[in-house]
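**Q** What follows is a predicted structure for the sequence shown.
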Amino acid sequence: MSDVKVFEPDKSLQAKVGGSISKVLSGKAVEAAEKVVENSAGEILKLVSLEIEKIRAVPASVNEAVEKKVPVPKAEVDKLIASAFFIKSNAGLCGYQLVSEMAKSLYLFVETRNSAIAINEQEFEIIAWHIEAIAELIKQKQQSVETDFGKELLKQLAVIKSQFVG
């Protein structure tokens, strides 16, 4: 296990927005902004956790539509899209890149589904899997996409999607 390398991504504001920020703001302003983000990380993660709990309730109504083989109500699809986007953005801000990647995957997956077409059972399972995986990642404080666990999780997700979604 001594060959394991843990990659710690640069979480600085400079890394998130690129070199252009130094052209607009002084070093002290960037440092101050990074401090605000760092000090707010706990609160942001609480909001992400609340959002996860909120979308855990959505699959019940989605499942009902799946079972009846009717279109999922647009309002439910919109909730999933908005929540996935919120989680993607805010988890990434706090350094939870793996959560951000999973939420991005959920966002793109749901967004590509047309609410005029019924979501099938396999697609519903993928949506539910995303939600539970995101909740578990936050609970276990799994951050990096570069760990063996993170790479394996994203690899499994790609395989699942390719098997069930045409």
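**A** Ah, there it is.

**Q** CA only for contacts and neighbour counts going forward, please
**A** Will do.

**Q** what about the spatially most central residue of the chain, which helix or strand?
**A** The centre of the chain sits closest to Ala103, judged by Cα atoms, centre = their mean, with a distance of 1.8 Å. Secondary structure assignment for Ala103, by DSSP states H and E: helix 97-111.

**Q** what distance separates that helix from the middle of the whole chain?
**A** 4 Å (Cα atoms, centre = their mean, to the nearest Å).

**Q** Buried residues in the very next helix or strand once past that helix, which are they?
**A** Using DSSP H and E, the helix or strand that follows helix 97-111 in sequence is helix 121-139. Of the residues in helix 121-139, 123-128, 130-135, 137-138 count as buried by neighbour count, 16 or more other Cα atoms under 10 Å.

**Q** what residues does the helix or strand just after helix 121-139 touch?
**A** Sequence order places helix 148-164 as the next helix or strand after helix 121-139, per DSSP H and E. Helix 148-164 has contacts (Cα atoms under 8 Å, 6 or more residues apart in numbering) with 98, 102, 122-123, 126, 144-145.

**Q** and if you look at stretch 126-144?
**A** With Cα under 8 Å, 6+ apart, stretch 126-144 has contacts from 7-9, 49, 52, 55-56, 59, 95-99, 102-103, 106, 109-110, 150, 160-161.

**Q** before we move on, the earlier item: nearest to Gly42, out of the buried residues of helix 121-139: which one, please.
**A** Ile138 (11.9 Å; Cα to Cα).

**Q** mind checking how far the closest one is from Ile131?
**A** 11 Å (Cα to Cα, to the nearest Å).

**Q** residues in contact with the nearest residue to Val110 once chain neighbours are set aside?
**A** Leaving aside its sequence neighbours, Val110 sits nearest to Ile81 (Cα to Cα, 6 or more residues apart in numbering; 6.4 Å). Contacts for Ile81 (Cα under 8 Å, 6+ apart) come out as 106-107, 110-111.

**Q** Thank you, goodbye.
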